[in-house]
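**Student:** following is a predicted model, sequence given first.
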Amino acid sequence: MKYIIVGLGNFGASLSQILTAHGNEVIGIDQKMERVEHYKENISHTICMDATDETAVAGLPLEDTDVVIIAIGEDQGANILATAVFKNMKAKRLISRAINSLHEKILMAIGVDEIVRPEEETAERWGKKLSLKNVIDSFELNDDFSIIEANVPQEFVGKTIKEVDFRRKYSLLVLTIMNKSEVDSAIGKHITEKKIQDVPTPNMVLNEDDIIVLYGSNINLKKFLKDSNTDD
């Protein structure tokens, strides 16, 4: 996967290094040359530039970038402007950092795909969420075990939980199934809500828009996600 991360403060720098360590290609951007120099050995590429400058942003390889993350935290104005620039440049998937509820509403109005709240979520959690394909969210119980929310792999659509055989084949436990639905937010934007279903039964059929909540070891979770995406 290829990422552009704007803002190499504590959160942005940590996330950039985690994603690079996971084998992804990361372009880390910051206006401060000392940060660019400091992290250049631990991030795939680092660039000193103003991400609110449309001309400068236009020179980035946006067509080949899977995710753009605006991690600027100390300057809300620069965060909003940079988010708007990358939105106008039609970034494939745009994630931006919010400092407070008003800031979050402005970012939602711009039309970002996801909001980052570093005060509530760690760079490690986002690193796992972004590095593993199909993962929507994750929660680490300890160093070895996690709970993840994942999209149903295409090969399992239309099959029952029993047919997939999560326990025997992957050593994973299906905790529940969630459905996604579009609702209107307070500012008139469409947002996706997740509705939790009842305790799953072996005969429950997996649908294309379902989210499966899985518990297991990190090794088995990664193996499941890798095996179920070998044809992508």
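**Tutor:** Right, received. Where do you want to start?
**Student:** need the contact list for the residue of the chain most remote from its centre.
**Tutor:** Within the chain, the residue lying farthest from the chain centre (Cα atoms, centre = their mean) is residue 203, at 30.7 Å. Under the criterion of Cβ atoms under 8 Å, 6 or more residues apart in numbering, the neighbours of residue 203 are 160, 161, 162. In short, each C-beta sits where N, CA and C put it, glycine included.
**Student:** show me the domain layout of the protein.
**Tutor:** Taking automatic domain parsing as the reference, the chain has its domains at 2-128, 134-227.
**Student:** most packed of those domains?
**Tutor:** Mean neighbours per residue, mean count of other Cβ atoms under 10 Å, is largest over the domains of the chain for domain 2-128, with a mean of 18.
**Student:** helix or strand right after the worst-scoring helix or strand of the chain on mean pLDDT?
**Tutor:** One helix or strand of the chain scores below all others by mean pLDDT, DSSP states H and E: strand 190-196, with a mean of 62. Scanning forward in sequence from strand 190-196 by DSSP states H and E, the next helix or strand is strand 210-217.
**Student:** tell me the strands beside that next one, with direction?
**Tutor:** strand 145-151 (antiparallel), strand 173-184 (antiparallel) (DSSP bridges).
**Student:** can you dump the C-alpha atoms of it in PDB for me?
**Tutor:** Taking C-alpha atoms only, strand 210-217 is exported to PDB below (Å, rounded to 0.1, in the frame of the first residue of the first chain):
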ATOM      1  CA  ASP A 210     -21.700  -7.200   6.600                       C
ATOM      2  CA  ILE A 211     -18.900  -6.500   9.000                       C
ATOM      3  CA  ILE A 212     -17.600  -9.600  10.900                       C
ATOM      4  CA  VAL A 213     -16.100  -9.100  14.400                       C
ATOM      5  CA  LEU A 214     -13.400 -11.600  15.000                       C
ATOM      6  CA  TYR A 215     -11.300 -12.600  18.100                       C
ATOM      7  CA  GLY A 216      -8.100 -14.500  17.900                       C
ATOM      8  CA  SER A 217      -4.300 -14.300  18.000                       C
END
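**Student:** the chain: strands as residue ranges?
**Tutor:** Applying DSSP state E to the chain gives strands spanning 2-6, 25-30, 45-48, 67-70, 94-97, 114-116, 135-140, 145-151, 173-184, 190-196, 210-217.
**Student:** residue 200 and residue 177: what is the separation?
**Tutor:** Distance from residue 200 to residue 177, counting by Cβ to Cβ, to the nearest Å: 5 Å.
**Student:** on that earlier part again, list the ones among the contacts of residue 203 that fall in helices.
**Tutor:** The helices, defined by DSSP state H, take in 161, 162 from those.
**Student:** residue 49: which of the contacts of residue 203 is nearest?
**Tutor:** residue 161 (48.7 Å; Cβ to Cβ).
**Student:** residue contacts, residue 227?
**Tutor:** Going by Cβ under 8 Å, 6+ apart, the list of residues near residue 227 reads residue 170.
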